[in-house]
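[1] sequence-free structure coming up:
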């Protein structure tokens, strides 16, 4: 029987009795990432250094309090490659391509003295994963929380959780925190992987619109749904091109 994913934008608050964190050793893809952590770390730090430590500010007002606390650079965005960035990181590209259920990947920087809001992610259909790259401190100064359970990152180790659960992060140090963030579709949803990617990318576009035009969230939900389905239709139309050529919007 087909199991329907939960999506944040249309559905009530997500509740689950699943654990807040998962052991990477329980997943073949988790063990693969850990086996390649040294080369992932080397390439990520190289690309961050090349860009002077400044990437793209994350745009969602639901997460970042001032728009400049969380910086990111994508390698894959919900099934679509960011080819220029992958070309700069050939070893990361190789690892990503060996995990077909890995649908998004990026390097993320949490700036010094930053706090991300408590929020829920887009869906329960995937595991969100953080590989520690630069972790300048531990709890209580620097940490992560999923439904009240706090955890510190560790360099070269994986934190795995459900993005659907309420979570937040903070960095009360004077140094940056760097992680390799990636999303892996859960086994029970892998037959719906393509549609999940279309849905999440459409939701991300709605979030981008809401960030540019705050009044958008006050519009009638029916109108928002119409816009969502038009965006999703557009993404389906351009999908063959993007699978060949990569993302259209600049991520470099």
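    Structure's in. What do you need? Values in this document were obtained by computation on a predicted structure and should not be read as measured data. Residues are numbered from 1 along each chain as shown.
[2] what separation is there between residue 56 and residue 164?
    Counting by CB to CB, to the nearest Å, the separation of residue 56 from residue 164 is 24 Å. Placement of C-beta: from N, CA and C, glycine included.
[3] neighbour count winner among these two?
    Between residue 56 and residue 164, counting by other CB atoms under 10 Å, residue 164 is the more crowded of the two (24 against 15).
[4] residue contacts, the more buried one?
    6, 8, 14, 16, 120-124 (CB atoms under 8 Å, 6 or more residues apart in numbering).
[5] touching, residue 29 and residue 105? I think so.
    No. Between residue 29 and residue 105 there is no contact under CB atoms under 8 Å: 11.7 Å.
[6] higher neighbour count, those two?
    Comparing residue 29 with residue 105 by other CB under 10 Å, the one with more neighbours is residue 105, at 28 against 18.
[7] for that one, what are phi and psi?
    Backbone torsions for residue 105, taken as degrees, to the nearest 10, come to phi -160, psi 140.
[8] hang on, it packs against residue 184?
    No. Judged on CB under 8 Å, residue 105 makes no contact with residue 184 at a distance of 9.7 Å.
[9] what segments of the stretch 101-250 of the chain are helices?
    For the stretch 101-250 of the chain, helices defined by DSSP state H, counting those that start in this stretch occupy the ranges 193-212, 221-245.
[10] point out where the chain drops to low pLDDT.
    Within the chain, the stretches with pLDDT under 70 are 1-2, 57-67, 249-252.
[11] tell me which two in the contacts of residue 164 are the farthest apart.
    Spanning the widest gap among the contacts of residue 164 are 16 and 122, at 15.0 Å by CB to CB.
[12] neighbour-wise, which of these two wins?
    Neighbour totals were compared for residue 16 and residue 122, and residue 122 leads with 24 against 12 (other CB under 10 Å).
[13] for residue 194, which non-adjacent residue is closest in space?
    residue 79 (6.8 Å; CB to CB, 6 or more residues apart in numbering).
[14] how close does the one you found get to residue 114?
    29 Å.
[15] now swap in residue 18 and tell me
    Counting by CB to CB - residue 18 and residue 114 are separated by 28 Å.
[16] who's in contact with residue 73?
    Per CB under 8 Å, 6+ apart, neighbours of residue 73: 47-48, 51, 55-56, 85, 106-107, 251.
[17] what's around residue 243, how many residues?
    By other CB under 10 Å, neighbour count at residue 243 equals 11.
[18] do the same with the one 3 residues further on
    Counted by other CB under 10 Å, the residues lying close to residue 246 total 18.
[19] surely it meets residue 77?
    No. With contact defined as CB under 8 Å, residue 246 and residue 77 do not form a contacting pair (9.4 Å).
[20] is it true that residue 138 touches residue 152?
    Yes. Counting by CB under 8 Å, residue 152 is a contact partner of residue 138 at 4.0 Å.
[21] more neighbours, those two?
    Between residue 138 and residue 152, residue 152 has the larger neighbour count (other CB under 10 Å), namely 16 against 13.
[22] the more buried one reaches residue 136, doesn't it?
    No. Residue 152 is beyond contact range of residue 136, at 11.0 Å (criterion: CB under 8 Å).
[23] can you list residues touching both of those two?
    residue 142.
[24] tell me how far the nearest residue to residue 185 once chain neighbours are set aside lies from residue 28.
    In this structure, residue 185 finds its nearest non-sequential neighbour in residue 101, 4.5 Å apart by CB to CB, 6+ apart. Residue 101 sits 10 Å away from residue 28 when distances are taken as CB to CB.
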